[in-house]
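Enquirer: Attaching a predicted model along with its sequence, questions to come.
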Amino acid sequence: MSLPVRDPGGRPREIDPLALYASAIDTSDYVAQVAPLVRRSVPAIGDLLDIGAGGGQLGRALREPARQWTAVEPSPSMRSRLKAIDRPPQLVSAGWQDADVPPESHDTVLAATMPATMEEPEAFLARCRAWARRTVVWVVPAQAGPRGLCFAGCLPTAWHGEDETPGVDVVLRGLSPASTPHEIAFVDWIFTGIVPDLGELAAYLCERLAWSGSDERRSQMVAHLAAQAKRDAAGFRLAIPRKSAVLVWGKP
């Protein structure tokens, strides 16, 4: 859902959090670092079911040209991005709970940066296993730091107020012993977002944090971001070190 904000000039505009995140993944080394790690664990991807595909960057890198790539994606803006990909995936316009996908219809089921892996890990894993012929792969945050708000890693903990427990720890705590992944591997990467206007990003973050118009931190936000940003031809580059865990389950 797009969030209405006002930029420093007072002009109303909207930022889609999913689009903001997807654009940063476009300019990050996420796929370059994560995809080879997935392929080491799953050398034959086969027919791929991509749950919560987002912008499709990782699924596109993992897909095999002669095999089916299906993307389950509830967001209209992300489905528009997926449709624009050369040889786009077959789209399922639903969330994971309601997706009409036949059982055991795909060799590999992929879920990368899906909230369900932390919010309902046991139920979500059961759904993924039902769809998979061979393998289930989850990619989850593994750094100690914020996970929810895009660019929260640029902010002090006192500002964003997020639980900083590594996401992989949350996932593993929520799984039964029988559901422990068969493999766990870790990879470092850099979340790199290029934004055209730091004032607009600052306004967006203030609105997402629900700060009142009189909150004194609003006047500090632009300066705080500017201290971390580097000038780029397209605007300002913000880089945040990240770590992900790749969890793999094989079918019996």
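Expert: On my side now, so go ahead.
Enquirer: Next, the residue of the chain most remote from its centre: phi, psi?
Expert: Farthest-out residue of the chain from its mean C-alpha position, per CA atoms, centre = their mean: residue 214, at 32.1 Å. Note on residue 214: its backbone torsions stand at phi -100, psi 0 [degrees, to the nearest 10].
Enquirer: OK, contacts around the closest residue to residue 68 other than its chain neighbours?
Expert: Closest residue to residue 68 apart from its sequence neighbours, by CB to CB, 6 or more residues apart in numbering: residue 47 at 4.2 Å. All C-beta spots, glycine's among them, are computed from the backbone N, C-alpha and C. Neighbour list for residue 47: 67-70, 105-108, 133 [criterion: CB atoms under 8 Å, 6 or more residues apart in numbering].
Enquirer: Show only the entries of those residues found in strands.
Expert: Here DSSP state E is the test, and these give 69-70, 106-108, 133 as lying in strands.
Enquirer: what about residue 211, distance to residue 151?
Expert: Remark: distance between residue 211 and residue 151 (CB to CB, to the nearest Å) = 15 Å.
Enquirer: again with residue 106
Expert: As judged by CB to CB, residue 106 and residue 151 stand 33 Å apart.
Enquirer: Show me the strands in the stretch 1-150 of the chain, by range?
Expert: Shown for the stretch 1-150 of the chain, the strands assigned by DSSP state E, counting those that start in this stretch span residues 3-6, 12-15, 48-51, 69-72, 90-92, 106-112, 132-141.
Enquirer: Neighbours of residue 62, how many?
Expert: Using other CB atoms under 10 Å, the number of residues around residue 62 comes to 21.
Enquirer: tell me the pLDDT at it?
Expert: Looking at residue 62, its pLDDT is 98.
Enquirer: what's near enough to touch it?
Expert: Counting by CB under 8 Å, 6+ apart, residue 62 makes contact with 35, 38-39, 45, 48, 108, 110.
Enquirer: same question, residue 91
Expert: Counted by CB under 8 Å, 6+ apart, residue 91 has contacts 70-71, 73, 79, 82-83.
Enquirer: and the gap between the residue nearest the centre of the chain and residue 19?
Expert: Taking CA atoms, centre = their mean as the criterion, residue 113 is the residue nearest the geometric centre of the chain, at 3.9 Å. Separation of residue 113 from residue 19 (CB to CB) stands at 15 Å.
Enquirer: if we can go back for a sec, looking at residue 211 and residue 151 now, which is surrounded by more residues?
Expert: Set side by side, residue 211 and residue 151 show more neighbours around residue 151, with 23 against 15, by other CB under 10 Å.
Enquirer: Contacts only, for the more buried one.
Expert: Neighbours of residue 151 in contact, by CB under 8 Å, 6+ apart: 20, 24, 193, 201, 205, 238, 240.
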